[in-house]
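In: generate a structure from the sequence data that follows.
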Amino acid sequence: MKPSPVKDIAKEVFRKYQLHPSVESTQQLADLLEMQKYRYRTQIFKEGDSVTHIYYIERGLVRLTHKDTDGADIVDAFCQEDGMLISNDLFTEKPAVQTATTIEPTFLFTLPYASLQHYATVNRDFTELLCAIFEEHILDKEKYIQLLSQSPQERFETMNKEHSEIIWRSPAKDIASYLRMRPETLSRIRYRGQK
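Out: Here you go, the predicted structure:
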């Protein structure tokens, strides 16, 4: 399958946040978008890189990770279709701590953060868009903090209820890492749920 035209993606990004931009704003956003195609298990950016973009996922699944003190990958987030991938490293001027890796072949569109900021200073449509993107990002972080306050069983049940497609599309070790539990704990919970 081929990725959608950038004009359609620009419309979809505004629509995602229930915004009604001008034709000019839609075209300006389309001009900023750049399509990239990644194969399975390919890094979009890695630890040490300079992160300067927000990523809109049209198709595919991506995991965002960081290294623990032993050098093991810890999953911080998943991002799938119609999602915005935003690294915490975007807001610092330091080399990235996080790595974004595809779990499936992925089509995504990059949005340069500096350009979005510039347009937001002169264009209300972009101001509303940037605010909506960051509001969603903050609410997602808050939901994740609440998720981790639950018991392991409740964490899995909540994720299975809200994002079951991520569970069946992702390696079990990634799900266990994201839910901050050992793989064998996740396996027992899943086994109990199948009885």
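In: which stretches of the chain form helices?
Out: Remark: helices of the chain, listed N- to C-terminal, are 6-16, 23-32, 113-122, 124-148, 152-169, 172-178, 183-194; assignment by DSSP state H.
In: weakest of these by average pLDDT?
Out: Per-segment confidence across those bottoms out at helix 183-194, which has a mean of 85 in mean pLDDT.
In: would you check how far apart Glu34 and Tyr56 are?
Out: Per Cβ to Cβ, to the nearest Å, Glu34 is found 11 Å from Tyr56. Heads up, the C-betas are built off the backbone N, CA and C, glycines and all.
In: and what of Arg15?
Out: Between Arg15 and Tyr56 the computed distance is 12 Å (Cβ to Cβ).
In: out of the helices of the chain, deepest packed?
Out: Neighbour counts (mean count of other Cβ atoms under 10 Å) averaged over each of the helices of the chain peak at helix 172-178, with a mean of 20.
In: centre of the chain to it, how far?
Out: Centroid separation for helix 172-178 versus its chain: 16 Å, with Cα atoms, centre = their mean, to the nearest Å.
In: can you pull out the residues in contact with it?
Out: Outside of helix 172-178, the residues within contact range by Cβ atoms under 8 Å, 6 or more residues apart in numbering are 63, 65, 73-78, 103, 159, 166-167, 182-183, 185-187.
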